[in-house]
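**Q** I'll drop the sequence and a predicted model, then ask my questions.
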Amino acid sequence: MADWLGEFEQLVLFAVLQQDEAYGVTIRDVIEERTGRRASAGSVYTTLERLEARGLVSSHWGEPTAERGGKRKRFYRVKPAGRDALARSWRAMRAMARGVAPKLGEP
Amino acid sequence: MRPPRLARWFLDRSLDADAAEAIGGDLTEEFQRRIARGRSPLWARVWFWRQTVVALAWRWRALPVRSHQTAGRRTMVETVWTETRQTFRALRRSPGFSLGAVVPLGLAVGLATAVFAVMHAVLLRPLPIPRPDRLVAVGEQELAAPVSNIGYETYLDLRDQASSFDGFAAIRGWSPTLTSPATTRLAGMRVTSGYFSMLGVRAALGRDFTAADDTPETRRVAILSDALWRRQFAADPSIINRVIKLNETEYRVIGVLPPSFEDVVGAAFYAPSDIWSPLGYKRGGDSTCRGCRHLKAVASIKPGVSEAAANEELVGLIAGYKRQFPADYDKAAAGVEKISTVIARPLAQSLYVLFIAVLLVLTIAAANAASLMVARAADQEHERALRSALGASGLQLIRQRAIEALLVAASAGAVGLAIGEGLTAWLVTHAPTSIPRAEHIGVNAGVVLFTLAAVALAALIIAVLPVLSGALRPVGRAAATPGRTTDGRARVHAREGLIVADVAIALMLAMGAGAMVRSVDRLLAVNTGFDPENVYTIGLSGVGPRWAEDEPVRVFQRDLVARVRALPGVTAVAIAGQVPLGGNYDTRGGYLEERQTDRAEDSVDFQRYSVTPDYLKVMGIPLKRGRFITEDDREKTPLVMVINETAAKKFWPDQDPIGKRVVFGSANRKRFVTVVGVTGDVRHYQLDQPPDPQMYLPQEQMTDSYMVLTVKTARFDDVLPGIRDAVHVLGPDVPVYDVKSMAVLVADSAATRRFTAVLLGVFAVVAALMTAAGLYGLVAYAVSRRTREFGIRIALGAQKSGIRRLVIARGALLTAAGGALGLLCSLPLTRLLHDQLYETTALDAAAVALGLVTLFVTSAIAHAVPVARATRVSPTIALRGE
């Protein structure tokens, strides 16, 4: 139960996996770039916080920079448990889509 | 460019530290990226605010929700909290109502916040000195603005004899040219030695002036501001005792002030200063006579002495001096005035007017929100009946309304703060340059407090009006059946009363705005007496020993005029001692030949323009009689002057002024100057002040090394480098400063009024729109309530015109009542606006017409849709409910 992921959580996990140094701005950039969906900073952070509490991602602080008004970046990394959970959700999604993809106009 | 401060403050305060750092940093980074990509800063700010609000909402939603199962043991706080969230959800379910109530109110709160932010900085924020309320300007003549000048000996006597003060200083404006290390003109003051101790300021480096510095022989010492010290001397700590050159004269630096020092006295009278030097006068010296009024006196009142008592003492002392030296005190009217008042004076009235206007807008917005609540209460009558039938107490029902009112007001407050912050930033950059202490304008704690008060007031209006109107009185169980509600008379009257007030206020604002716009028009249409088109002025000052003699100045002027005239694109060029609207007030007193006495009342004053021959051509001033100054008026030729028409009429009524003679300075001098021509008048101080007697003298005969180069050219940008080169070649030590266009000077002189007019206009439009919305809401509501009635009437054969009349009649009556009330209330408005208006009144025909047109259009817009709907009522649909 605890390891099923919401749709937005999956997007965020994928975005973190895409990058070596993922933080709020780059995560939102990737999601917008790939899906066209604009995510707010508040929703992304809240989701990451929840994922971290569930032990699916880890985070560490970077150095403060001037362009961020002297604030530090919070970098995220997907933990093995997060990788497993994402893989499971992704498999479930593919299993469910099998055979009906053409009906959705997908190859 | 930085993200909105207030939004960052919210982020920092409302989120836990980690979230605040990560989210705040992300948003800041992206904000900078947007700016760097060339997005408009305004949109970037809007984006930042939206993200902030969304982030706060996300965090709020993430908080654990308390379960309803524990209802039995809930505390009061928990109950209110739960109800608040329920109400919040209910409000979100009816977005039309919520937005209709929140957005206009938020806009009004935003406007009020911005106006208050300016008012707070200019009028309310205490001056940054130890005893801001005790520091006063002392006048000995007319205390009206600007505070009158004072002679040195009067100052000395007052300082020694007045017992109401514990500090007394005399000051004068000073604009030295720093010639080493770099040539710059500085804003400064000459002050008597007690000046800084009176202000409670101590030098951060070095020392203050002492009485020993303040003599004619020892006054060549200077104190620098922290800003000047950093800017020109790289914050060099060894500056003390260093010698710098001011006006080619050596001054020793003896002190540097702390960075926190803000020159409020300079701001009140001249401009905030960067450098100070002792006045260095002595009794009986040059320029120290009682009639030589060119100083300002500033004093601090002793603790425990009232302003009135200090005033009274001064009046008594000056009256005594007048008895002793009757010739020197012709119009003595002594008094004190707080420095803060002197500083705020140019804007105070505008700000009060705008503040009252914006409060009126706020009232309309709150009334509209209240009106919506009344309508909503009516719609929910059956729900309330149901609830009370199920056992909800009256108190609970009212509490829910109160929570709703607070939520609406608080949301409006949040919207208002965001709008207010953006608007304040906009105001600071677009306001007329004359706003004193503009650097303090911003949404700070005091301003937020005001916004909270405005929100609380709005919440009160929203919560209380529906209760007063009886909209919430307990209802019978019959009302629990939907569709069977009756329309309470009191409720309708309450909404109608609000509309009448709305209309009245909107009319007043429209009339005020109309009158202001008309004043600005009239002001700009004033015949200035000169043609500012393509005329530019450039300040030049030759200072130091080289320019002390007249001849080098004359040579410099002749050569400069010749060189500039030769530049391609220059139509005409001249040098003048001062120009109209230029902020200089050079007047010279003398005696007419036929009335040479030594009595002060026989002396005459002229505004003096020392000019070169082409001045009239540059400025486009008409010559009315005789001739103007020519190249032939030289040092050795007879002294000549050209006067304006006002001088001719005032001093030689019904006579030919040509050939009349005037002597300047004291009455017994024999150097007569002969009038050779008469020109048209020019407006010198302000556009709204009628011209004084003016005279033009040849620079060759009345040489002045402070000069203004005036040029008429259609290609100023091409010409300016040539002018700089010419000045540099002829006088390398002469700084070029204050490059201005006469057209801009004219426009600036109406700037404050135009600013007020534009803002009032915006308020009037907002008020009219809100009134229209309110009226629309009321009419539409009435129509929807009477759908069945209209249906029956139409079924029985009523004409469309009859139905239309039925709908319009009530609305028209309300509009007319509001209009009448507005006209009545605008009588006090006239008095309030009086000083702002120029050759017009608030009841000016055009302003009233504009107001009435606004009213009519507003009312028509509000009626259009409901009327159309009422006449289209289909009898079958309307009666289907039966």
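**A** Nice, I can see it. Numbering: from 1, shown residues only, chains lettered A, B, ... in the order given.

**Q** can you pull up the bridge partners for A:Arg77?
**A** A:Ser58 (DSSP bridges).

**Q** Near it, how many residues? Count them for me, please.
**A** 15 (other C-beta atoms under 10 Å in any protein chain shown). Backbone N, C-alpha and C define where each C-beta goes, glycine included.

**Q** can you tell me how far it sits from chain B?
**A** Distance from A:Arg77 to chain B, counting by C-beta to the nearest C-beta, to the nearest Å: 15 Å.

**Q** residue contacts, B:Leu852?
**A** By C-beta atoms under 8 Å, 6 or more residues apart in numbering or on different chains, B:Leu852 lies in contact with B:507, B:819.

**Q** I meant B:Ala743, not that one.
**A** B:Ala743 neighbours (C-beta under 8 Å, 6+ apart): B:532-535.

**Q** which other residues reach the helix or strand containing A:Pro64?
**A** Assigned by DSSP states H and E, A:Pro64 falls within strand A:57-65. Contacts with strand A:57-65, where a contact means C-beta under 8 Å, 6+ apart, come from A:13, A:16, A:21, A:23, A:48, A:51-52, A:70-79, A:82, B:25, B:29.

**Q** 7 Å instead?
**A** If you take C-beta atoms under 7 Å, 6 or more residues apart in numbering or on different chains as the criterion, strand A:57-65 is touched by A:16, A:48, A:51-52, A:70-79, A:82.

**Q** any low-confidence regions in chain A?
**A** Residues of chain A that meet the criterion pLDDT under 70 lie in A:1-3, A:107.

**Q** so where do the strands sit in it?
**A** With DSSP state E as the criterion, chain A has strands at A:57-65, A:71-78.

**Q** Chain B contacts on chain A?
**A** When proximity is defined as C-beta under 7 Å from any C-beta of the partner chain, chain A approaches chain B at A:24-25, A:40-43, A:45-46, A:67-69, A:71-74.

**Q** Which single helix of chain A contains the most residues?
**A** The helix that spans the most residues within chain A, counting by DSSP state H, is helix A:80-97.

**Q** Flag every buried residue along that one.
**A** Along helix A:80-97, these residues count as buried under the neighbour rule (16 or more other C-beta atoms under 10 Å in any protein chain shown): A:82, A:85-86, A:89.

**Q** helices or strands up against it?
**A** With contacts defined as 3 or more C-beta pairs under 7 Å, 6 or more residues apart in numbering or on different chains; DSSP states H and E, helix A:80-97 has these neighbours: helix A:7-18.

**Q** Can you find the residue of the stretch 51-200 of chain B that comes nearest to chain A?
**A** Using C-beta to the nearest C-beta, the single residue of the stretch 51-200 of chain B nearest to chain A is B:Ala55, 3.1 Å away.

**Q** So for the host helix or strand of B:Gly818, mean pLDDT?
**A** In the assignment (DSSP H and E), B:Gly818 maps to helix B:800-833. Mean pLDDT, helix B:800-833: 81.

**Q** Could you list the buried residues of that helix?
**A** B:803, B:806-808, B:811, B:814-815, B:817-819, B:821-823, B:825-826, B:829-830, B:832-833.

**Q** what about the helix or strand following that helix, average pLDDT?
**A** Heading C-terminal from helix B:800-833, the first helix or strand you meet, by DSSP H and E, is helix B:845-871. For helix B:845-871, the mean per-residue pLDDT is 81.

**Q** how many neighbours does the residue in the stretch 551-700 of chain B positioned nearest to chain A have?
**A** Across the stretch 551-700 of chain B, the shortest distance to chain A (C-beta to the nearest C-beta) belongs to B:Gly583, at 40.9 Å. Other residues near B:Gly583 come to 13 when the count uses other C-beta under 10 Å.

**Q** can you tell me which residue is nearest the centre of the chain?
**A** If you meant another chain, say so; for now it's chain A. Residue closest to the average C-alpha location in chain A (C-alpha atoms, centre = their mean): A:Val12, at 1.5 Å.

**Q** Chain B, not that one
**A** Most central in chain B (C-alpha atoms, centre = their mean) works out to B:Leu347, at 4.4 Å.

**Q** what's the helix or strand for it?
**A** According to DSSP H and E, B:Leu347 maps onto helix B:339-379.

**Q** Now the residue of the stretch 701-850 of chain B found nearest chain A: closest residue in space, sequence neighbours ignored.
**A** Of all residues in the stretch 701-850 of chain B, B:Val766 sits closest to chain A, with a separation of 30.1 Å (C-beta to the nearest C-beta). Sequence neighbours aside, B:Val361 is the residue nearest to B:Val766 in space, at 5.7 Å (criterion: C-beta to C-beta, 6 or more residues apart in numbering or on different chains).

**Q** Quick one: the helices in the stretch 151-300 of chain B, in order.
**A** B:152-161, B:195-199, B:226-233, B:264-269 (DSSP state H, counting those that start in this stretch).

**Q** what about B:Gly284, how many residues close to it?
**A** 9.

**Q** that older thread, ok, the residue of the stretch 701-850 of chain B closest to chain A - contacts?
**A** Applying C-beta under 7 Å, 6+ apart, the residues contacting B:Val766 are B:107, B:111, B:361.

**Q** Dump those residues to CSV, plus neighbour count.
**A** Listed next are the contacts of B:Val766 as CSV, based on neighbours: other C-beta atoms under 10 Å in any protein chain shown:
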residue, neighbour count
B:Leu107, 22
B:Leu111, 25
B:Val361, 25
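
**Q** before we move on, back to that, any idea of the angle the helix holding B:Gly818 forms with helix B:339-379?
**A** Orientation check (axes from the mean of the first three to the mean of the last three C-alpha atoms, to 10 degrees): helix B:800-833 against helix B:339-379 gives 160 degrees.

**Q** Of the strands of chain A, which stretch is the most buried?
**A** Stretch with highest mean neighbour count among the strands of chain A: strand A:71-78 (a mean of 21; mean count of other C-beta atoms under 10 Å in any protein chain shown).

**Q** now it against strand A:57-65, angle please.
**A** 160 degrees.
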